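Engineer: my questions concern the predicted model and sequence given below.
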Amino acid sequence: METSAETVDAVVVGAGPNGLVAANTLADAGWEVLVLEAAETPGGAVRTAELTAPGFRNDVCSAFYPLGAASPVISALGLEDYGLRWRHAPAPLAHVLPDDRVALLSRDLDRTLASVAQFDPADADAWRTEFEFFTSVRDSLLDALFQPFPPVRAAARLGRQLGVADGLRFARMVTLPVRVFAEERFGGAGAQLLFAGNAQHTDLGPSHAGGAVFGWLLAMLAQDVGFPVPEGGAGRLAIALTNRLTAAGGRVACQRPVTRIHTAGGEAIAVSDASGRLVRARRAVLATVPAPVLYQELLDPDVLPARFRDDLRRFHWDDPTVKVDWALSRPIPWRNPEAGQAGTVHLDADMNGLADYHHALAVGRLPEDPFLLLGQMTTADDTRSPAGTESAWVYTHVPRDHKWDRDSLRRFADHLEAVVERHAPGFTGHIQARAVHGPDDLFHIDGNLVGGAINGGTAAIHQELFFRPVPGLGRADTPVDRLYLAGASAHPGGAVHGGPGANAARAALRRSGRGGGAYRKVIERLHAAVYR
């Protein structure tokens, strides 16, 4: 290995939000940190560009950030001092039913209650009860969610708040399919679909175990903090994280894809980029790439236990995605105007429609009636496009093995537009320009979106907590000393909240701090017990 190689305390592989959170955490502790990013700019799946027409700012991948706004990890960084400003649509979310009725979720609790009560009067009290429960456990729950696994102190605090009776019932809810949860708690389709639609931000259908907790958490956060967006585009969040890191002494080097992580004596010691340049790491290497990429492409497989490698072959990706961005000459002309108030719109499935959609995905068939997640970005932030226009997008999941070419993507995009047109007559006549991205295009934009999967692996219960990314500790620590998994394949999983990056940084600090040797021996013994 070259003796002239650059040396830093920590190398972070990837300048997406998790990598930048990890780098900021280490820089705050006084470490010399270098982030190596394959793309031309930082941000990963958090970036903005003029994809469609001049003056229209389109979020390339992710767009709305309820978990980012609520995350104690993000909040602790004080990004408002580095230019981040949250903006809100008049309402966070609308679910448009096939018959054009709309369930509207507003940050104004009374307005949400009035909307769900139109479907069943008893649901107003049921929703209020649910939100009061969420509010009572909010801080302890979020602390537990974003701590390294197991979150002993935060979980103990949450357990004391809940008590035995409520704790058991909450644990049951965490395992439920979202359809069972929604139909147990609510009588009307409006409230039920607000929960079930939010679960669709994962790859879990209405009958999948574990879907309820995702739908519940996003619905309650929408009620609490909304579905905010960064003013000026999602990329402003990445810019704020980068500016903060630079101010703390860290560095980001773009167009330097890491192609190899070097080890010696069972310890990560350096990385190489595509040009062959070497960077030594005194204390840690933190990788935000998906688990299969880290362990099967960047490492020599011989450094990993055989059972770990075998488990990794069973890693389960989430569903691929097709996304369409539009430059619209005016806001979407919804038949039901309530839909026009929401930043995020779910359409147009009822509960059985969601089940049919997921059945098609499960058997490898392109859904005839796809469930759509749609973003009205200018409605949420008027800096996104010229006055009187709308920057908007839609995405849906598709089968993993479906073959795409430009013509089939064009026809599928036309089909998605026809779904919107059905609920907004005249919509297609207002499209000035569009950009269509299939699964391979998304992977080209961000190499972490393997096969167009946007969640770093399935959110199903068999790959969460101590099963993420494989059965093990559920921690950022890997079988290689001083190498940490810091991306969405690690607990607590996908979405923009910084949890995996912060957890990896905390593990690296613990390993290099007082008692670090003893800490590593414990991790090694646990790994040996799991993978021997």
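Structural biologist: In hand now; what should we look at? Residues are numbered from 1 along each chain as shown.

Engineer: name the residues that touch stretch 43-52?
Structural biologist: 14-19, 41, 56-62, 232-239, 288, 325-327, 391, 432-435, 445-446, 448-449, 454, 496 (CB atoms under 8 Å, 6 or more residues apart in numbering). Bear in mind the C-beta positions are built from the backbone N, C-alpha and C, glycine included.

Engineer: what's the answer for stretch 206-217, then?
Structural biologist: 130, 134, 173-182, 195-199, 201-202, 204-205, 351, 354-355, 358, 459-461, 464.

Engineer: what subset of these is buried?
Structural biologist: For the contacts of stretch 206-217, a burial check counting by 16 or more other CB atoms under 10 Å picks out 130, 134, 174, 176-182, 195-199, 201-202, 204-205, 351, 354-355, 358, 459-461, 464.

Engineer: go through those and flag which are in helices.
Structural biologist: Judged by DSSP state H, the subset of those located in helices is 130, 134, 174, 178-182, 195-199, 351, 354-355, 358.

Engineer: buried stuff in stretch 262-275?
Structural biologist: By neighbour count with 16+ other CB under 10 Å, stretch 262-275 contains the buried residues 262-263, 268-273.

Engineer: any idea how far whichever strand or helix holds R244 is from the chain center?
Structural biologist: Taking DSSP states H and E as the definition, one finds R244 inside helix 235-247. Computed by CA atoms, centre = their mean, to the nearest Å, the chain-centroid distance of helix 235-247 equals 19 Å.

Engineer: other residues contacting it?
Structural biologist: Residues contacting helix 235-247 (CB under 8 Å, 6+ apart): 15-17, 20-21, 23-24, 27, 33, 35, 41-44, 46-49, 59, 65, 68, 77-79, 81-85, 230, 251-252, 496.

Engineer: I'd like the average pLDDT over it.
Structural biologist: Regarding helix 235-247, the rounded mean pLDDT is 98.

Engineer: just the CA atoms of that helix, as PDB, please.
Structural biologist: The C-alpha trace of helix 235-247 is given here as PDB (Å, rounded to 0.1, in the frame of the first residue of the first chain):
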ATOM      1  CA  GLY A 235     -31.100  19.900  -2.300                       C
ATOM      2  CA  ARG A 236     -31.100  22.700   0.200                       C
ATOM      3  CA  LEU A 237     -31.000  20.100   3.000                       C
ATOM      4  CA  ALA A 238     -27.900  18.600   1.600                       C
ATOM      5  CA  ILE A 239     -26.300  22.000   1.100                       C
ATOM      6  CA  ALA A 240     -27.000  22.900   4.700                       C
ATOM      7  CA  LEU A 241     -25.500  19.600   5.900                       C
ATOM      8  CA  THR A 242     -22.500  20.200   3.700                       C
ATOM      9  CA  ASN A 243     -22.000  23.800   4.800                       C
ATOM     10  CA  ARG A 244     -22.200  22.700   8.500                       C
ATOM     11  CA  LEU A 245     -19.600  20.000   7.900                       C
ATOM     12  CA  THR A 246     -17.300  22.400   6.200                       C
ATOM     13  CA  ALA A 247     -17.600  24.900   9.000                       C
END
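
Engineer: next SSE downstream of it?
Structural biologist: Next along from helix 235-247, by DSSP H and E: strand 251-253.

Engineer: in its sheet, what does that following strand sit against?
Structural biologist: Paired neighbours of strand 251-253 in the sheet (DSSP bridges): strand 33-36 (parallel).

Engineer: before we move on, what SS does the residue lying closest to P151 once chain neighbours are set aside have?
Structural biologist: Distances taken as CB to CB, 6 or more residues apart in numbering put A144 closest to P151, at 4.3 Å, once the chain neighbours are dropped. Following DSSP: H, G, I helix; E, B strand; the rest coil, we place A144 in the helix state.

Engineer: H316: neighbour count?
Structural biologist: 14 (other CB atoms under 10 Å).

Engineer: and it, what element?
Structural biologist: Short version, using DSSP H and E: H316 is in no helix or strand.

Engineer: residue contacts, it?
Structural biologist: Contacts of H316 (CB under 8 Å, 6+ apart): 457-458, 460, 462-463.

Engineer: same thing but 10 Å
Structural biologist: 203, 453, 457-460, 462-463, 467, 469 (CB atoms under 10 Å, 6 or more residues apart in numbering).

Engineer: now swap in N352 and tell me
Structural biologist: N352 makes contacts with 179, 206, as judged by CB under 10 Å, 6+ apart.

Engineer: tell me the confidence at it?
Structural biologist: On the pLDDT scale, N352 gets 97.

Engineer: the one 10 residues further on now?
Structural biologist: At A362, the pLDDT value in this model is 95.

Engineer: ok, now which ones touch it?
Structural biologist: A362 neighbours (CB under 10 Å, 6+ apart): 205, 208, 319, 399.

Engineer: before we move on, what about A27?
Structural biologist: 9-10, 33, 35, 244-251, 505 are the contacts of A27 under CB under 10 Å, 6+ apart.

Engineer: in strands only, show me the contacts of helix 235-247.
Structural biologist: 33, 35, 48-49, 59, 230, 251-252 (DSSP state E).

Engineer: looking at those, which is nearest G364?
Structural biologist: Ranked by distance to G364 (CB to CB), these are led by D59 at 29.4 Å.

Engineer: bridging residues for that closest one?
Structural biologist: T48.

Engineer: residues near the residue nearest to P151, how many?
Structural biologist: 21.

Engineer: what do you get for Y531?
Structural biologist: 18.

Engineer: residues in contact with it?
Structural biologist: Counted by CB under 10 Å, 6+ apart, Y531 has contacts 304-311, 470-472, 479.

Engineer: with R506 instead?
Structural biologist: Contacts of R506 (CB under 10 Å, 6+ apart): 22, 25-26, 29, 147-148, 475-476, 484.

Engineer: farthest pair within the contacts of A362?
Structural biologist: Largest pairwise distance in the contacts of A362, by CB to CB, is 16.2 Å, between H208 and P399.

Engineer: of the two, who's got more company?
Structural biologist: Taking neighbours as other CB under 10 Å, H208 and P399 compare with H208 leading, 22 against 17.

Engineer: quick one: secondary structure of the more buried one?
Structural biologist: Assignment for H208 (three-state DSSP): coil.

Engineer: if we can go back for a sec, of the contacts of helix 235-247, buried ones?
Structural biologist: By 16+ other CB under 10 Å, these give 15-17, 20-21, 23-24, 27, 33, 35, 41-44, 46-49, 59, 65, 68, 77, 79, 82, 84, 230, 252, 496 as buried.

Engineer: can you flag which of those belong to helices?
Structural biologist: Those of the buried ones among the contacts of helix 235-247 lying in helices (DSSP H): 17, 20-21, 23-24, 27, 68.

Engineer: what is the nearest of those to L109?
Structural biologist: G68 (21.9 Å).

Engineer: so that closest one sits right up against P230, yeah?
Structural biologist: Yes: using CB atoms under 10 Å, G68 is in contact with P230, at 8.7 Å.

Engineer: what's the overlap in contacts for those two?
Structural biologist: Counting by CB under 10 Å, 6+ apart, the residues touching both G68 and P230 are 46, 79, 84, 86, 237.

Engineer: any chance of the ones in helices among the buried ones among the contacts of helix 235-247 in CSV, with distance to G364 and pLDDT too?
Structural biologist: Shown next, in CSV, are these (distance: CB to CB, whole Å; pLDDT from 0 to 100):
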residue, distance to G364, pLDDT
P17, 32, 97
L20, 37, 98
V21, 36, 98
A23, 40, 98
N24, 42, 98
A27, 46, 98
G68, 33, 96
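
Engineer: which of these sit farthest apart?
Structural biologist: A27 and G68 (20.0 Å).

Engineer: which residues sit in contact with A488?
Structural biologist: Applying CB under 10 Å, 6+ apart, the residues near A488 are 16-18, 44-45, 288-291, 318, 448-449, 453-457, 468-469, 494-497, 499-501.

Engineer: run the last query once more with 7 Å
Structural biologist: A488 sits next to 18, 455-456, 494, 500 when contact means CB atoms under 7 Å, 6 or more residues apart in numbering.
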